[in-house]
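>>> Sequence and predicted structure, then a few things I'm wondering about:
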Amino acid sequence: MEQKDRKQDAQNNTHIVSLTSLPEGAKGVVAHAIGGYGLIRRLAEMGLTPGVEVKLNKKCPFRGPVEVEVRGVTLALGYGVASKIFVKPLRKEPNG
Amino acid sequence: MASCHTPTKTKKDSEGKETLRVALAGNANVGKSAIFNQLTGLNQIVGNWPGKTVERAEGTLHFKGYKIRVIDLPGIYSLSTFSMEEIVSRDYIAVEKPDIIINVVDASALERNLYFTLQLLELEAPIIIALNQVDLAAKKGFKIDAQKLSEVLGVPVVPTVAITGSGINELLSTVIMAINGEVKMNPLRVRFGGEIEEKIQDLEKIVAEKLSHLCTVYPARWIAIKLLERDADVAGKLKNYENGSAVLDYAEKMASELEKMHGEPSSVILASERYSLANKISKETTTIESPPKISLEQKLDAITTHKVLGYPILAAVAALIFTIIFVGGNILSEAINPLFNSLTLFITNALSPLLPTAAIELINQGLIGGIIAGITVALPYIIPFYVLLALLEDSGYLPRAAFLMDNVMHKIGLHGKAFIPLMLGYGCSVPACMGCRIMETERERFLTAFVVVLIPCAARTVVILGLVGRYVGLHAALALYAFDLVLVFALGRIAFKALPGEPVGLLMEMPPYKKPSAKLIAIKTWSRTKDFVYVAFPIIVAGSVIIEALAITGFIGYIVNALEPLISGWIGLPAVAGIPLIFGVLRKELALILLENALLQQGMTLADLNAVQMVVFSLVVMIYVPCVATIAACTREFGWKKALAIAIIDVSLALTLGGIAYRLLSPLMGT
């Protein structure tokens, strides 16, 4: 139920998008993650805590995995996992 | 020593040679096992943690008159209950209380690694930092001030480059000095922000008061923190105590209050706190020297994980590996075989005056034959396979392959990491079964193992290529492989639907590419080969003796007769094909040689079989029971019940499909 509220929240708030909808090379700040307690905790432990800056390095086609950079580490996230992480996109940097 | 957890300088009477216990701890991919291998060399025992399928590596070394026992704790992301590895590690640290813990920290990803360090400090364990991969950090354009880091953390910091062995001596000297109290240890007390810290201290008091016994093992503050994080393992420990549930209720109340305030799960709040401290320390101790250059490794990464180019590269790598294993394996195998032929001849000659023929047969065919079977598989195929595997691992290619295959693996309910054991399966099912450990949950491990044993290993490939490939044509052999893949996917899907539980998504670190070290690859190959020999050899030899005894006593004839309706009636093979199928359980490529022998006794050769029979025989060999060594590995990983279930399913499946193939293919292929 709480998750649903959050999803709603994410949809209403235009500034927050799912990590999978960031374009390649773009940066964002993690707002929150939805999903099971275990997943949210695991994400936090791997450095994906609210407020942290992430860079989306690569997106694979056909809802494939994404590669992100967070806290100086490169992580591979399955599409399902990545779509549960919501970020506030940062203004594009000139290089990309 | 038993008194407490304040990080006392464990002063020991250093008279004579005493054994020091040192544990290595750190995140995955930080070069921890490289440090372990540099420290212990070939003096290591790889096994399992008691009752767990978590690898335990232990070794000893001598340094400055001390005997040092080194335990390599499993590489983990953090010290909370996500996986068995983490529980094993923190329990070892808290319960066994090693004299010192070397925390291997990746200098090129300091913030991320300090998160783990902070948790070790929470455990109030005596630690030394091995600041590893300082070369990699330099490549990324920054430098870590080891002195400053040591001051902030209050523990010694030794810069190392494990791959080349640089800094290892200093690390050992520091270990000795720290244990002897010759360096100052004033570990940082990790403090959390405002109301979080208040709640921890509040809870700590209650824990210390009500669970005084548990506090002799774990620090009270640590228990308080874990309870606040709703750690299931620690909560479970409390259940054995009288006051446990009262403390648990109180902790639950605290956690809920905290969550209400912050709007996040308590574990996330604490993780954020630790990370912000880690970030602060990292910033204080890092100086940026030059802008990061696009290195060769990064270019390599970009190409090998490219959404289009990545796949042909992956296919090429796989093809190259198989070619090396098969070509190299064949050459080695053929070089070894004559050696054993002369050995059996020698034994026959030496023993014939002493023992009856049957006994000599039992020794030669059973005992020696079993050992030969083990050696001609282990040496020629397994060793090259392990060398290549270590190369792929140490270079960092495996996670890239997993990344590329994530999408495909999702089709059978697994994620990208499952591709790794699956690929290993084409070499040998035994390490592939053990490789299933990289999956996160018990469910995923079993599901992966279930499909992995269906992958034709090197031995099965010998049968497929030697029979179908040689007499029917390469196209038919390839068709068998293609069919196998379809089967793996179909069965994987069914098992995925049938097994209860939630699938887990891919969440894995992608370490940068590294140049592997020949020495470390040699050590890895050696310890794995040893492990393989321990698992597989006793079973292959015992099985071989038993089957030979059945043959000598004539029992095998009864078995073949009993199986006749199945072998010739249902799958359409000559009745004698039952013998190679039985022996094939020991070692699958043996099935082909034995089929040839059995046919010879009937005055036939392999070429006398028709195409359908060849395809059916290969199909059955490909799918039916994974060999005994694999069953042993499965038993070790999953218990005998699940191993037996896999074996039974595979045999029934092989025979069912064999019969169907016989009936479908006969009219098609005109026989």
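On my side now, so go ahead. Numbering: from 1, shown residues only, chains lettered A, B, ... in the order given.

>>> When you work out contacts or count neighbours from here on, use the C-alpha atoms and nothing else.
Will do.

>>> Now do the host helix or strand of residue B:88, average pLDDT.
Using DSSP states H and E, residue B:88 maps to helix B:84-91. Taken as a whole, helix B:84-91 has a mean pLDDT of 84.

>>> same deal with stretch B:557-574?
For stretch B:557-574, mean pLDDT is 90.

>>> which parts of chain A sit against chain B?
Residues of chain A lying near chain B by Cα under 8 Å from any Cα of the partner chain: A:37-38, A:40-42, A:44-47, A:49-50, A:60-65, A:71-81.

>>> What's the nearest residue in the stretch 1-150 of chain B when you look at chain A?
As assessed by Cα to the nearest Cα, chain A sits closest to residue B:109 within the stretch 1-150 of chain B, at 5.4 Å.

>>> Grab the most central residue of chain B for me.
Closest residue to the average C-alpha location of chain B: residue B:435 at 4.0 Å, with Cα atoms, centre = their mean.

>>> Chain A: helices as residue ranges?
With DSSP state H as the criterion, chain A has helices at A:2-12, A:37-45, A:79-82.

>>> coming back round to it: once you drop chain neighbours, what's closest to the residue of the stretch 1-150 of chain B closest to chain A?
Of all residues not flanking residue B:109 in the chain, residue A:72 sits nearest, at 5.4 Å (Cα to Cα, 6 or more residues apart in numbering or on different chains).

>>> wait, doesn't the one you found sit right on residue B:113?
No: with contact taken as Cα atoms under 8 Å, residue A:72 and residue B:113 are classed as non-touching, separated by 10.2 Å.

>>> Tell me who's in contact with the spatially most central residue of chain A.
Chain A has residue A:19 as the residue nearest its centroid, 3.3 Å off, counting by Cα atoms, centre = their mean. Residue A:19 makes contacts with A:56, A:82, A:83, A:84, A:85, A:86, A:87, as judged by Cα atoms under 8 Å, 6 or more residues apart in numbering or on different chains.

>>> correct me, but the residue of the stretch 1-150 of chain B closest to chain A touches residue A:70?
No: using Cα under 8 Å, residue B:109 makes no contact with residue A:70, being 10.0 Å away.

>>> Kindly list the longest helix within chain B.
Looking across chain B with DSSP H, the single longest helix is helix B:310-351.

>>> pLDDT on that helix, on average?
So the average pLDDT for helix B:310-351 ends up being 84.

>>> One more: stretch B:244-259?
pLDDT averaged over stretch B:244-259 gives 93.

>>> Could you confirm whether it reaches chain A?
No: for stretch B:244-259, no contact with chain A is found by Cα under 8 Å from any Cα; the gap never falls below 12.9 Å.

>>> swap in stretch B:66-75?
No: for stretch B:66-75, no contact with chain A is found by Cα under 8 Å from any Cα; the gap never falls below 13.6 Å.

>>> Please point out which parts of that stretch sit buried.
B:66, B:68, B:69, B:70, B:71, B:72, B:73, B:74, B:75 (16 or more other Cα atoms under 10 Å in any protein chain shown).

>>> Which parts of the chain are strands?
I went with chain A, as the question did not name one. Secondary structure of chain A (DSSP state E): strands at A:17-18, A:27-33, A:53-59, A:66-70, A:73-77, A:85-89.

>>> look at chain B instead
B:19-26, B:44-48, B:55-63, B:66-72, B:100-106, B:127-132, B:142-144, B:157-159, B:286-288, B:507-509.

>>> What is the end-to-end distance of stretch A:47-58?
Start and end residues of stretch A:47-58 are separated by 18 Å (Cα to Cα, to the nearest Å).

>>> contacts for that stretch?
Stretch A:47-58 has contacts (Cα under 8 Å, 6+ apart) with A:19, A:22-32, A:43, A:66-71, B:112, B:268, B:271-272, B:275.

>>> same question, stretch B:393-403
Applying Cα under 8 Å, 6+ apart, the set of residues contacting stretch B:393-403 is A:65, A:76, B:304-305, B:314, B:392, B:416-420, B:508-516, B:521.

>>> least trustworthy helix or strand in chain A by mean pLDDT?
helix A:2-12 (a mean of 49; mean pLDDT, DSSP states H and E).

>>> so how far is stretch B:413-425 off the chain centroid?
Put simply, stretch B:413-425 sits 12 Å off its chain's centre (Cα atoms, centre = their mean, to the nearest Å).

>>> now that stretch: mean pLDDT?
Stretch B:413-425 shows a mean pLDDT of 88.

>>> Just the CA atoms of that stretch, as PDB, please.
The C-alpha coordinates for stretch B:413-425 follow below in PDB (Å, rounded to 0.1, in the frame of the first residue of the first chain):
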ATOM      1  CA  GLY B 413      13.800 -16.700 -14.300                       C
ATOM      2  CA  LEU B 414      17.400 -16.200 -13.500                       C
ATOM      3  CA  HIS B 415      19.600 -13.200 -13.900                       C
ATOM      4  CA  GLY B 416      22.900 -12.500 -15.600                       C
ATOM      5  CA  LYS B 417      25.100 -14.000 -13.000                       C
ATOM      6  CA  ALA B 418      23.600 -17.400 -13.700                       C
ATOM      7  CA  PHE B 419      25.300 -17.200 -17.100                       C
ATOM      8  CA  ILE B 420      28.700 -17.800 -15.400                       C
ATOM      9  CA  PRO B 421      28.000 -21.300 -14.000                       C
ATOM     10  CA  LEU B 422      26.100 -22.100 -17.200                       C
ATOM     11  CA  MET B 423      29.200 -21.300 -19.200                       C
ATOM     12  CA  LEU B 424      31.400 -23.300 -16.800                       C
ATOM     13  CA  GLY B 425      29.100 -26.200 -17.400                       C
END
